[in-house]
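Novice: Task: produce atomic coordinates for the following.
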Amino acid sequence: VQLVESGGGQVQPGGSLRLSCAASGFTFSDYDMSWVRQAPRKGPEWVSAINAGGGRTYTADSVKDRFTISRDNDKNLLYLQMNSLTHNDTARYFCARVTKWEAGQTDYWGLGTQVIVSS
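Specialist: Just a heads-up that it's a prediction; the model follows:
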């Protein structure tokens, strides 16, 4: 299993970024997927998740109405569109494969991509 995130960077408050995660080594369309972030000196936060077929999503209250998760099962890609970014969104963002949705349980993670929101 390999998950490779991309699309992070530095952006000003109010800006947007689109993160991507390229999945390989497993049948991507069989698995629910998620984005998890970790800010400095904080624990991981389950940001958003999407079920295998793409018809069900979860978004944390902290990013609701600003972040949108999506996936392309034909290309084995997971996305996170992030709009209206604030300093509080500064974190390393990880793509993770979900094993139990209700428990927020994951097994494989990528190495992450850094997002810095700074003026």
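Novice: Quickly list what the spatially most central residue of the chain is bridged to.
Specialist: For the chain, the residue nearest the mean C-alpha position is Trp35 (2.5 Å; CA atoms, centre = their mean). Beta-bridge partners recorded for Trp35 (DSSP bridges): Ser48, Cys95.
Novice: Check the gap between it and Ser84 for me.
Specialist: The gap separating Trp35 from Ser84 is 17 Å, by CB to CB, to the nearest Å. Backbone N, C-alpha and C define where each C-beta goes, glycine included.
Novice: next one: Gly53
Specialist: Per CB to CB, Gly53 is found 28 Å from Ser84.
Novice: In contact with the residue nearest to the centre of the chain, which residues?
Specialist: Counting by CB atoms under 8 Å, 6 or more residues apart in numbering, Trp35 makes contact with Leu19, Cys21, Val47, Ser48, Ala49, Ile69, Leu78, Leu80, Tyr93, Phe94, Cys95, Ala96.
Novice: who touches the closest residue to Ser34 other than its chain neighbours in this structure?
Specialist: Nearest residue to Ser34 in three dimensions, chain neighbours excluded: Ala49, at 3.9 Å (CB to CB, 6 or more residues apart in numbering). The contact partners of Ala49, taken as CB under 8 Å, 6+ apart, are Asp32, Met33, Ser34, Trp35, Thr57, Tyr58, Ile69, Val98, Trp101.
Novice: May I have the phi/psi pair for Asp30?
Specialist: Torsion angles at Asp30 (phi, psi; degrees, to the nearest 10) stand at phi -90, psi -10.
Novice: surely it meets Ala52?
Specialist: Yes: assessed by CB atoms under 8 Å, Asp30 is found in contact with Ala52 at 5.9 Å.
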